[in-house]
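# whatever this is, show me its structure:
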Amino acid sequence: MLTERPEVLLGILRSAHSASPDPRLDAVLARFRADWLRLGLRRYPMLASDLEDAVQIALVKLVSPARLATLHSVDKFSAWVRSLFVHTVLDLIRRNLRASRWRAYLDDTDDGDSEAALRSIPSSHPTPEDLASHRERVAIVLRLTSQLAVAQAKFVEDLTELEIAQRQGLTRYAVASRVRRTRQRLQEALGDI
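I've put the predicted structure just below:
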């Protein structure tokens, strides 16, 4: 570890965001970097190429005024610095595990065909069958509501066939035909009531 006293090191690190950083800052950060790389290679060999990223992230945290403010006792400086690095590494490992689980889920098929796995994911775009089915449902609803609108205008609002035709944008004969069909259906449904 570094030979300077923790108070001195803390002062050097705090100067990183000042107008004139301490001239020893680069050397201190290089020493932390070397120590962390050595520790990371020994304790976290599975990180391999990601270890450099973890060290860089930890160095940024190390000179952050907000992080430096979390150090409550200068006596615990060494433990605090080591903890900062270890937590950064553990965060990186957790992130990599989440990402690898997702990739494994997508690529995990019986025959190893990753294309088949990707095809099994539902698309956010409707298929031609979905579009045709939707158009049919819309057409049925439109037919029913237009017939109901004609029936409501005739039997509830007591409008003439000509007034209904103008309102609905239909011919008078189309309105008369719909009214007749509606009367027939009502008679069938109501019977002798």
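# ok, Arg67 touching Lys61?
Yes - with contact defined as Cβ atoms under 8 Å, Arg67 reaches Lys61; the gap is 5.0 Å. Quick note: C-beta positions are derived from backbone N, CA and C, even for glycine.
# list residues touching both of these two?
Leu84 (Cβ atoms under 8 Å, 6 or more residues apart in numbering).
# where exactly do the helices run in this structure?
6-14, 25-43, 50-62, 65-68, 77-107, 114-119, 128-151, 161-168, 172-190 (DSSP state H).
# which helices and strands sit right next to the third one?
Using 3 or more Cβ pairs under 8 Å, 6 or more residues apart in numbering; DSSP states H and E as the contact criterion, the neighbours of helix 50-62 among helices and strands are helix 25-43, helix 77-107.
# by contact count, what packs against the first one?
Under the contact definition 3+ Cβ pairs under 8 Å, 6+ apart, helix 25-43 sits against helix 6-14, helix 50-62, helix 77-107.
# what's in contact with the first one?
Okay, so that is helix 6-14. Contacts of helix 6-14 (Cβ under 8 Å, 6+ apart): 2, 4, 22, 24-25, 28, 62-63, 65, 68, 71, 74-75, 77-78.
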